[in-house]
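> Here is a sequence with its predicted model. Questions after.
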Amino acid sequence: MTSIPKQISLFPILLVNFIGTMGFSIVLPFLVFLVTDFGGNALVFGIVAAMYPAFQLIGAPILGRWSDHYGRKKVLLVSQGGTLVAWVIFLVALFLPVEHILAVDSPVFGTFVITLPLLVLFLARGLDGITGGNVSVANAYLADVTPENDRSKNFGRMAISSNLGFIVGPAIAGVLGATIFEEALPVMAAMFLSLAAVFVIKFSLKESKPSVIKKNLEKGSVRKVFDHECKDCDEIHDPKKISFKEVIKLKNIRYLLSLYFAIFLGFNIFYVSFPIYAAKGLEWTVTELGMFFVVLAGLMALVQGPVLAKASRRFSEGKLVVMGSIILAANFVLFVSNDIILLYGAAVLFAVGNGLMWPSVLSILSKCAGNDHQGAVQGIASSFGSLASIIGLIAGGILYGFFQETIFFISAGIIFIVFIMSFKILKLKY
């Protein structure tokens, strides 16, 4: 087994993750307003949001296996380049005429108009998704360079870098979006941030997995030395060729992937519903919605930093998943209220629950994947997350029209199921 040099720094991969998250989160405060201005409704907003995970479902497993075969750095570079082009297309959409292509008036799907800018937004999000294996590859990279004992802590650092991006992104959107250029300036900022990430990967990131074809010769076997058994002489392992069936047969992986799916399903019903609820039900402005995301991400960064570090010394990763999931289920119940104090109280519970649970789930998954199939497992896990995101985002867009703010009870119920399922983690050996 090839050992990874200890001198590889985590800073470049954390910086890439931070830049990527910041670039994406810049548009979060005004994306729902942008979609409605272009003729869409809650369903269309859900579909626009679902374009990324829908195409990521295709791209992530391929990129994950390629990263096992060709190396993490090359695949991260391709992925980030795709994100850069996607933001250029997104920027173009803002300057297109709002030409009506299809009008829909349905008792189930609501009333909306498909316009030219909306179609271009679909294209931009789809392109970003098909090359959007950067999360799974970044997780695999982190697992490559981190000893097993430190994985929970370092996945917590990865989560912190994401949350810092979510803090800075909406803040930048609030400042730049208030200018006469409106949405164009924040999108341009996202584009240049993606370009910066390309340079960081190219010039600062060291490869963590340069060699992927291993020849494992069984020591002490005379027959193999003299090539008497040709089939077993060189046991060549090519991670690129591992199939989906082989991945889910790995110990505990099937269970962890089902947990991964359920978590993403509950989260994405919330993620598509809350901006709509904030814009229409609470009548928040872009600034108010952006401020909420800033506070939420700041709290998560706090929890996933010093709080998680202390908690991980006292509790096992399995216990952190159990505790975090029940806190998350409670948090979604509070979002049904329109009281500002309860909403920000829900944000605190969201941060605590997610901060304890999610890095622990990622750490356990990486340990169960082992060194040989890290990229393939992370890629398929991203696909499970993407599938759940597609279902959650589209279903959330449809169901919001029927349930309004009570839709958050559905997210609470799904995460409560995660809480029940998570007790099995306490018995796992990995």
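Cool, got the structure. Numbering: from 1, shown residues only.
> Just list the residues touching the most centrally placed residue in the chain, thanks.
With distances taken as Cα atoms, centre = their mean, V135 lies nearest the centre of the chain, 6.2 Å away. Contact analysis of V135 by Cβ atoms under 8 Å, 6 or more residues apart in numbering lists A60, S382. Placement of C-beta: from N, CA and C, glycine included.
> Please, which helix or strand holds it?
helix 134-145 (DSSP states H and E).
> buried residues in that helix?
Neighbour counts over helix 134-145 (16 or more other Cβ atoms under 10 Å) mark N134, V135, S136, V137, A138, N139, A140, Y141, L142, A143, D144, V145 as buried.
> Turn those residues into a markdown table, columns for distance to A86.
Formatted as a markdown table, the buried residues of helix 134-145 follow (distance: Cβ to Cβ, whole Å):
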| residue | distance to A86 |
| --- | --- |
| N134 | 12 |
| V135 | 15 |
| S136 | 18 |
| V137 | 17 |
| A138 | 18 |
| N139 | 21 |
| A140 | 22 |
| Y141 | 22 |
| L142 | 24 |
| A143 | 27 |
| D144 | 27 |
| V145 | 28 |
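> show me the contacts for the closest residue to K319 other than its chain neighbours.
Closest residue to K319 apart from its sequence neighbours, by Cβ to Cβ, 6 or more residues apart in numbering: L426 at 6.9 Å. Counting by Cβ under 8 Å, 6+ apart, L426 touches S316, G318, K319, V322.
> which residues in this structure form strands?
Assigned by DSSP state E, the strands in the chain fall at 100-106, 110-115, 214-216, 235-237.
> next one: phi and psi at E183?
Main-chain torsions, E183, degrees, to the nearest 10: phi -70, psi -20.
> State whether it and A93 are indeed in contact, as I suppose.
No - E183 is beyond contact range of A93, at 9.8 Å (criterion: Cβ atoms under 8 Å).
> so what's I167 up against?
V294, A297, G298, A301.
> Please report how far the closest residue to the third one other than its chain neighbours lies from S161.
Residue nearest to G298 in three dimensions, not counting chain neighbours: I167, with 5.2 Å by Cβ to Cβ, 6+ apart. Using Cβ to Cβ, to the nearest Å, one gets 11 Å for the distance from I167 to S161.
> Looks like V247 contacts I380 (just checking).
Yes - with contact defined as Cβ under 8 Å, V247 reaches I380; the gap is 5.2 Å.
> residues contacting M191?
Per Cβ under 8 Å, 6+ apart, neighbours of M191: G23, L84, W87, V88, F90, L91.
> So which of these is the closest to L334?
Of all those, L334 sits closest to G23, with 30.0 Å by Cβ to Cβ.
> Might you report the residue contacts of that closest one?
Residues near G23 by Cβ under 8 Å, 6+ apart: T83, W87, G165, G169, A189, A190, M191, L193, S194, A197.
> Next, count neighbours for the third one.
When you say that, I think you mean G165. 23 (other Cβ atoms under 10 Å).
> Check the fifth one too.
Summarising burial for A189: neighbours were counted as other Cβ under 10 Å, giving 20.
> ditto for the second one
Neighbour count of W87, defined by other Cβ under 10 Å: 26.
> Excluding covalently adjacent residues, which one is nearest to it?
Spatial nearest neighbour of W87, excluding adjacent residues (Cβ to Cβ, 6+ apart): M191 at 4.0 Å.
> Tell me how many other residues surround the residue lying closest to A49 once chain neighbours are set aside.
Leaving aside its sequence neighbours, A49 sits nearest to L393 (Cβ to Cβ, 6+ apart; 4.7 Å). Here the number of neighbours of L393 (other Cβ under 10 Å) works out to 26.
> K245 now?
Neighbours around K245, by other Cβ under 10 Å: 7.
> how near is it to V137?
Noted for K245: a distance of 22 Å to V137, by Cβ to Cβ.
> just P117 next, same as before
Going from P117 to V137 by Cβ to Cβ gives 31 Å.
> Only C-alpha atoms, please: export stretch 381-397 in CSV.
Extracted in CSV, the C-alpha atoms of stretch 381-397 (Å, rounded to 0.1, in the frame of the first residue of the first chain):
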residue,chain,number,x,y,z
ALA,A,381,-22.5,8.4,-2.4
SER,A,382,-22.7,11.7,-4.3
SER,A,383,-25.0,10.1,-6.8
PHE,A,384,-27.3,8.9,-4.0
GLY,A,385,-27.3,12.4,-2.6
SER,A,386,-28.0,13.8,-6.1
LEU,A,387,-30.9,11.5,-6.6
ALA,A,388,-32.4,12.4,-3.2
SER,A,389,-31.8,16.1,-4.1
ILE,A,390,-33.6,15.8,-7.4
ILE,A,391,-36.6,14.1,-5.7
GLY,A,392,-36.6,16.5,-2.7
LEU,A,393,-36.2,19.7,-4.8
ILE,A,394,-38.9,18.9,-7.3
ALA,A,395,-41.3,17.4,-4.8
GLY,A,396,-40.7,20.3,-2.5
GLY,A,397,-41.5,22.7,-5.2
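> what does it contact?
For stretch 381-397, using Cβ under 8 Å, 6+ apart, the contacting residues are 41-47, 49-50, 52-54, 56-57, 60-61, 64, 129, 133, 135-136, 256-257, 260-273, 276, 365, 407.
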